[in-house]
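Please find the sequence and the predicted model below.
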Amino acid sequence: MKLKSFFILGLIGSIALYSCEKNETVLDNKISSSSLEQCLINNPKNKPIVELTQIISSSLNEKSVRTFLKNEAIKQFDGDFDILLSKALNEKLETSKGGKKLSFKEIIINKMNEGKKTSQKNEVDFSNLLDSIIKAYPLLQIAIPEVFDSSTVQWDDLNYTPLTAVLPIDYDEDTENILAYDVNGNTTVLSTNEVPNKPVIVISQNESLIAVPKKINKNSTKVTPYYETDDYYYYLSEDYETPIDIGDIEEVGDDEIITTPSPSQDGSRDYLTGKDYLNKAKFVSKTTWRQVESWPSGRPEFKVIISYAEIINGTHTVKTITKVLPKNGWVSRYLVYNQIRTKNLDLPIIKWIKANFGSSMKYTWIEQDPSESQATLNIGYTTKFENGDQLTTTVSVKIGEKDDEAGEDVVDYNDSTSGEGSEYNTGIVRFWVNQQ
């Protein structure tokens, strides 16, 4: 869907994006793979990624490449089965040619050279081409999404060569068909609504990383990058985007704020004194799950924006806390059916002192997708304070242009927080907030 903020497309000429599916040739109710391929190649933003996909697909005839990709993907560095391409290119692996070790980049360059005359071979140019693609698309990844539970881990990489699919730059969850190549360069069309029964490699944009150009990075964060190149720092979004929690605000004096508990308050925030926690969550249904994530995109990546107000020097100040959720545990996939699971989160939010933070907080859920630019999301918010003041305002936050809004719900101070906590429903996900 969208690349994270900070990423500026510099190499590829700009052009209005359009849906290839609107221009496809339909034969016997089936999409023509050749017309879909041509449509992608005709778009300057997609063309280099399509060509890269063809080369990576052809490299899969080397068993060591398949083993390498599988072993790297199952490390799940970001909670999903994917590999950052810029990092993978520098990794060394043994080839079938006398056990010689080559980098993945060298193997790809060799594939680019195959079939060319000696006078046409130019490893330096091919290396520069790869570098330019990575510079333009720093979040390119090689993903092997789970089409059913453990399908990536159980992939028989020594004997099975999967298709390699490409997600276009303008890919979103409404896209119904994607292009894939076999190891011989033959094309086929895969439906995003029909889950394959065997692993498929997908060339796409990583949803969990933020690529920050070094030339504009001012070390505004103390977070250690996951990886870096000559041009970019790569940060995991859960580390980079999540603000530091406000904490317990000890200087206010808890004893002065918390009222004397009574039996009717048992289970409320007046009775319990711990932090609020986003305890667990679950998709409302299989339909809402499919609305936010199709199989080529792997596991869904949510962030939750908690809007609240605080009285500071007599003035009401609206603040937000952002939590990026782990990607695993939302669903169990089987060959015949899928099962929606309750995902344990246990994410600390804030210690809610009513006199300071008012009567309500709003939880807004966002499913993140790769975007080239940002958009502004306006969140309506109302809360009341013990002194009788009521605040009604709009909170403006930045999200990715292609991020999917996954609904919102209001958490009230008086809701029960004992045990698993109170349940809320955004229409897409159910979630529980308790105190610990």
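On my side now, so go ahead.

burial of Ser237, as a residue count?
19 (other CB atoms under 10 Å). C-beta here means a position set from N, CA and C on the backbone, and glycine is covered the same way.

ok, now Ile379?
16.

Please apply the same query to Asn177.
16.

how far away is it from Ser32?
10 Å (CB to CB, to the nearest Å).

One more: Ser422?
Taking CB to CB, one finds Ser422 at 52 Å from Ser32.

pLDDT at Pro243, what is it?
Turning to Pro243, the model gives it a pLDDT of 43.

where do the strands sit along the stretch 101-250 of the chain?
101-103, 140-143, 164-166, 177-181, 187-191, 201-205, 209-213, 227-228, 232-236 (DSSP state E, counting those that start in this stretch).

next helix or strand past the helix or strand of the chain with the lowest mean pLDDT?
Here the helix or strand of the chain ranked lowest by mean pLDDT, DSSP states H and E is helix 254-257, holding a mean of 30. Per DSSP states H and E, the first helix or strand lying C-terminal to helix 254-257 is strand 276-283.

In TSV: the strands of the stretch 101-250 of the chain, plus distance to Val410.
Formatted as TSV, the strands of the stretch 101-250 of the chain follow (distance: least, CB to CB, whole Å):
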stretch	distance to Val410
strand 101-103	53
strand 140-143	36
strand 164-166	40
strand 177-181	38
strand 187-191	38
strand 201-205	33
strand 209-213	30
strand 227-228	39
strand 232-236	30
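
Single out the most deeply packed of the ones you listed.
strand 201-205 (a mean of 26; mean count of other CB atoms under 10 Å).

which residues are contacting it?
Residues outside strand 201-205 that contact it (CB atoms under 8 Å, 6 or more residues apart in numbering): 1-3, 49, 52-53, 56-57, 60, 69, 82, 137, 139-145, 162-167, 169, 171, 296-298, 370.

Next: stretch 395-404.
Under CB under 8 Å, 6+ apart, the answer for stretch 395-404 is 1-5, 172-173, 291-292, 305, 307, 318, 320, 366-381.

run the last query once more with 7 Å
Residues outside stretch 395-404 that contact it (CB atoms under 7 Å, 6 or more residues apart in numbering): 1-2, 4-5, 172-173, 292, 305, 307, 318, 320, 366-369, 371-379, 381.

on that earlier part again, out of the strands of the stretch 101-250 of the chain, nearest to Thr393?
Evaluated with CB to CB, those place strand 209-213 nearest to Thr393, the distance being 28.4 Å.

Tell me the strands beside that closest one, with direction?
strand 232-236 (antiparallel) (DSSP bridges).

Grab the nearest non-local neighbour of Asn328.
Leaving aside its sequence neighbours, Asn328 sits nearest to Gly79 (CB to CB, 6 or more residues apart in numbering; 5.4 Å).

What is the neighbour count of that neighbour?
Neighbours around Gly79, by other CB under 10 Å: 17.

and it, what does it touch?
208, 299, 326-328.

Among the residues you listed, name the buried ones.
208, 299, 326-327 (16 or more other CB atoms under 10 Å).

which residues of the protein fall in helices?
Here the chain has its helices, by DSSP state H, at 33-42, 47-59, 63-73, 85-88, 104-113, 123-136, 237-240, 254-257, 286-292, 354-357.

Dump the longest one to PDB, restricted to CA.
The reference is to helix 123-136. C-alpha atoms of helix 123-136 as PDB (Å, rounded to 0.1, in the frame of the first residue of the first chain):
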ATOM      1  CA  GLU A 123      28.400  -6.100 -14.500                       C
ATOM      2  CA  VAL A 124      29.100  -2.600 -13.400                       C
ATOM      3  CA  ASP A 125      26.100  -1.200 -15.200                       C
ATOM      4  CA  PHE A 126      23.900  -4.000 -13.800                       C
ATOM      5  CA  SER A 127      25.200  -3.300 -10.300                       C
ATOM      6  CA  ASN A 128      24.400   0.400 -10.700                       C
ATOM      7  CA  LEU A 129      21.000  -0.500 -11.900                       C
ATOM      8  CA  LEU A 130      20.200  -2.500  -8.800                       C
ATOM      9  CA  ASP A 131      21.600   0.300  -6.600                       C
ATOM     10  CA  SER A 132      19.400   2.800  -8.400                       C
ATOM     11  CA  ILE A 133      16.300   0.700  -7.900                       C
ATOM     12  CA  ILE A 134      17.000   0.300  -4.200                       C
ATOM     13  CA  LYS A 135      17.700   4.000  -3.900                       C
ATOM     14  CA  ALA A 136      14.300   4.800  -5.500                       C
END
